[in-house]
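K.L.:
need a 3D model of the sequence below.
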Amino acid sequence: MGAETLRRAQAKITRLAGQQLDLVSFWRAVTAVLSGAVPHYRSPCFYTLDPASLLITSHFQEGLPEFPANWLTHEYLGDDVNKLADVGRSERGISTLHEATGGDPARSLRWHANMAYGGDQELIAALRVRSGDVWGALGLYRDPGRPMFDPVELAFVQAIAPVLAEGIRRALLFGEATDPDFPDGPGLLIMTDTGDVESVTPGTERWLADLPDGDWAAGRLPSSVQAVAGRALQSMRHPGEPGSVAMSRVLSRSGSWVVLHGAGLATAAQGRVAVIVEPAHPGRISPLLMAAYGLTDREQDVTRLVLMGNSTTEIAARLVLSAYTVQQHLQNVFDKTGVRSRRDLVGKIFFAHYEPRLRDNERRAQDSKPLRGGPYGPANLSDCSK
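P.N.:
Residues are numbered from 1 along each chain as shown. Down below sits the predicted model:
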């Protein structure tokens, strides 16, 4: 593809990510753009990943409403290359199966599974926001006899990955704010281009009251909310401009960090923006999930890094511990979760807490409901821990 074609495609995807689309609509719109930018077989496969664990929470691929169970078994219990978590934590954030196998994909069970669906080549890209958190992954495939993914195409996918990640994060937040799972979910304000608040979701007042220099009772919005709304309006008028991402990290009055996101509303009247307020903790595994096993804080840290595919040496370096101490913590985790190996731990956590979320999201997509980005809800945790 020519440079101008790719430039236009990147600009379209940037505009889509700046709108407040629901996640499935966003993926469908991006699918239409990718088809003209990076030739591929069938449809792209999009995933949401929990940033705290890099485990799958949802997927979307046209024509595949239910993700194959055998693929999940191989991804989390098998031994292979080009796995989503491996690509997600890699510095490059993109990999092809041909590269990962040294040009001999036939030695990978993943390749044989892909070929059953007609896909010879596989490209996996981590969808990582600029702060470093991975919110999803993109899979592109080509059938036998097609040219290899070339450096220009790989560079294009790398360039749009942060934009896709922002679109995923905003869509998940918007869905959680409008249809919350928990009482302490994100807050949502709908504002006009004159700064007036049209509506707020239940519980938003609590977030606003905790932000500095505002007085919700007196009708005065915090300056951080006004600034994010202004940047969101600017990005609607001039989509794709550098620096137009509407996001801010603010220290609240209670001493915790809060993140604000702003986005234009694609289906609303001109000049309407959504501002979402959420706690800044994407790097933590759900406390409810970890409480199901009674893990200490340090054991939770070790578990999170194991789920992401880190080795003992890497965990020791990240947590500033000795390898021996890491192994002691890991043995405690094994005892509490009833497993005997790292692979068993990853499999147990995924199939007990994340695979149910994946299936729930499949149903939610069919019912046109917002998708969820974390592990399955607290009402199911007691069953999962057995």
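
K.L.:
show me the domain layout of the chain.
P.N.:
3-176, 180-279, 287-384 (automatic domain parsing).

K.L.:
can you show me the strands along the stretch 151-300 of the chain?
P.N.:
187-191, 197-200, 247-251, 257-264, 273-279 (DSSP state E, counting those that start in this stretch).

K.L.:
of those, which approaches T14 most closely?
P.N.:
Minimum separation from T14 across the strands of the stretch 151-300 of the chain (C-beta to C-beta) falls at strand 257-264, 12.3 Å. C-beta coordinates here come from the backbone N, C-alpha and C atoms, glycine included.

K.L.:
next, count neighbours for P68.
P.N.:
12 (other C-beta atoms under 10 Å).

K.L.:
what pLDDT does it get?
P.N.:
pLDDT, P68: 92.

K.L.:
next up, phi/psi of it, please.
P.N.:
The phi and psi values for P68, taken as degrees, to the nearest 10, are phi -60, psi 130.

K.L.:
do you know how far it is from A116?
P.N.:
9 Å (C-beta to C-beta, to the nearest Å).

K.L.:
same thing with T101?
P.N.:
T101 is 17 Å from A116, where distance means C-beta to C-beta.

K.L.:
compare these two (neighbour count), which wins?
P.N.:
The residue with more neighbours, out of T101 and A116, is T101; 17 against 11, by other C-beta under 10 Å.

K.L.:
wouldn't that one be in contact with S95 here?
P.N.:
No - in this structure T101 lies outside contact range of S95 using C-beta atoms under 8 Å: 10.3 Å.

K.L.:
which residues are common contacts for these two?
P.N.:
Residues touching both T101 and S95 (C-beta atoms under 8 Å, 6 or more residues apart in numbering): there are none.

K.L.:
give me the most central residue, this structure.
P.N.:
Central residue of the chain (C-alpha atoms, centre = their mean): W135, 1.8 Å from the mean position.

K.L.:
residue contacts, that one?
P.N.:
48-49, 51, 127-129, 165, 168-169, 172, 373.

K.L.:
follow-up on the earlier one: possible to save the strands of the stretch 151-300 of the chain as CSV with mean pLDDT?
P.N.:
As requested, the strands of the stretch 151-300 of the chain are arranged in CSV below (pLDDT from 0 to 100):
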stretch, mean pLDDT
strand 187-191, 91
strand 197-200, 90
strand 247-251, 88
strand 257-264, 85
strand 273-279, 87
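
K.L.:
reformat these as a markdown table; add distance to A323.
P.N.:
Converted to a markdown table, these look like this (distance: least, C-beta to C-beta, whole Å):
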| stretch | distance to A323 |
| --- | --- |
| strand 187-191 | 43 |
| strand 197-200 | 50 |
| strand 247-251 | 34 |
| strand 257-264 | 32 |
| strand 273-279 | 33 |
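
K.L.:
can you redo those as a markdown table with distance to D79 and mean neighbour count?
P.N.:
Output for these, formatted as a markdown table (distance: least, C-beta to C-beta, whole Å; neighbours: other C-beta atoms under 10 Å):
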| stretch | distance to D79 | mean neighbour count |
| --- | --- | --- |
| strand 187-191 | 43 | 23 |
| strand 197-200 | 49 | 14 |
| strand 247-251 | 39 | 16 |
| strand 257-264 | 37 | 23 |
| strand 273-279 | 37 | 24 |
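
K.L.:
residues near the residue lying closest to E278 once chain neighbours are set aside, how many?
P.N.:
With sequence-adjacent residues excluded and distances taken as C-beta to C-beta, 6 or more residues apart in numbering, E278 is closest to P186, at 4.0 Å. Here the number of neighbours of P186 (other C-beta under 10 Å) works out to 25.

K.L.:
please renumber so the chain begins at 59
P.N.:
Understood, numbering begins at 59; the last thing we discussed is P244.

K.L.:
could you pull up the residues touching P244?
P.N.:
231, 234-235, 238, 265, 334-336.

K.L.:
got it, and D254?
P.N.:
Contacts of D254 by C-beta under 8 Å, 6+ apart: none found.

K.L.:
could you list the low-pLDDT ranges of the stretch 59-208 of the chain?
P.N.:
Applying pLDDT under 70 to the stretch 59-208 of the chain picks out residues 59.

K.L.:
where do the helices sit along it?
P.N.:
Counting by DSSP state H, counting those that start in this stretch, the stretch 59-208 of the chain has helices at residues 61-76, 81-92, 127-135, 142-147, 155-158, 167-174.

K.L.:
any idea of the angle the longest helix along the chain forms with strand 331-337?
P.N.:
The longest helix of the chain (DSSP state H) is helix 209-236. Relative orientation of helix 209-236 and strand 331-337, computed by axes from the mean of the first three to the mean of the last three C-alpha atoms, to 10 degrees: 80 degrees.

K.L.:
in helix 209-236, what's buried?
P.N.:
Residues of helix 209-236 classed as buried: 211-212, 214-215, 218-235 (neighbour count, 16 or more other C-beta atoms under 10 Å).

K.L.:
likewise stretch 109-128?
P.N.:
By neighbour count with 16+ other C-beta under 10 Å, stretch 109-128 contains the buried residues 109-119, 125.
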